[in-house]
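Here is my input; please provide its structure:
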Amino acid sequence: MKKILITLLLFVTFTVVYGQNKYQERQNNHYVEAAAKEFNLDKKQQVELSEIRMEMVSAYISSNKSFKAGDITQDEKKGITKEASKVFHNKLSEITGKTYAEMKDWLVEMRKELKTVK
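Next up is the predicted model:
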């Protein structure tokens with residue numbers, strides 16, 4: 001009986017983690033496609049944007065997990081996510097050739113739009 005419960009628990013855990021990763025990939029793909037249209041990015045730029053965005057998302061996820069586990073404080077979590085955002089936005093500016101101020105309206109719109117990606 002214990003083996004069945006453990007197997008079931010592992011299966012459910014694997015399914016949830018796999019589903020979350022696929023969700024992040026869908027959001028990332030949506031973001032990169034929208035950026036490619038908005039800023040006329042070539043394939044190389046799209047690949048680079050995809051990689052740096054996933055790095056930022058990974059930093060957010062890991063800082064959240066560490067905070068929930070009690071490994072870091074709220075201030076440390078904010079510092080990590082702020083630094084990840086700063087690195088991402090600087091790299092996005094390099095890729096697009098636009099300043100943050102020029103991209104701000106688009107970024108705000110994308111934040112809203114990404115919440116609807118399923």
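
Share the number of residues neighbouring residue 108, please.
Residue 108 has 10 neighbouring residues, counting by other C-beta atoms under 10 Å. (C-beta placed from N, C-alpha, C; glycine too.)

For residue 114, see how far away it is.
As for residue 108, its distance to residue 114 is 11 Å (criterion: C-beta to C-beta, to the nearest Å).

where exactly do the helices run in this structure?
Applying DSSP state H to the chain gives helices spanning 2-39, 43-68, 74-96, 100-114.

which stretches of this structure have low pLDDT?
Applying pLDDT under 70 to the chain flags residues 1-20.

Point to the residue nearest the middle of the protein.
By C-alpha atoms, centre = their mean, the chain has its centre lying nearest to residue 57, at 2.7 Å.

Nearest residue to it in space, please, no chain neighbours.
Nearest residue to residue 57 in three dimensions, chain neighbours excluded: residue 24, at 5.7 Å (C-beta to C-beta, 6 or more residues apart in numbering).

What's the local residue count around that neighbour?
Counted with other C-beta under 10 Å, the neighbours of residue 24 add up to 16.

just residue 105 next, same as before
By the other C-beta under 10 Å criterion, the neighbourhood of residue 105 contains 9 residues.

Over to the one 5 residues further on?
Taking other C-beta under 10 Å as the criterion, the count of residues near residue 110 is 17.

again with residue 47
Residue 47 has 12 neighbouring residues, counting by other C-beta under 10 Å.

Now do the phi/psi pair for residue 42.
phi -80, psi 180 (degrees, to the nearest 10).

Can you give me the separation between the residue lying closest to residue 38 once chain neighbours are set aside and residue 85?
Nearest non-adjacent residue to residue 38, counting by C-beta to C-beta, 6+ apart: residue 106, 5.7 Å away. In this view, residue 106 and residue 85 are 15 Å apart by C-beta to C-beta.

how about stretch 106-118: buried residues?
For stretch 106-118, a neighbour-count test (16 or more other C-beta atoms under 10 Å) marks 106, 110 as buried.

Go ahead and confirm the residue nearest to residue 38 touches residue 31.
No - counting by C-beta atoms under 8 Å, residue 106 stays clear of residue 31, with 10.7 Å between them.
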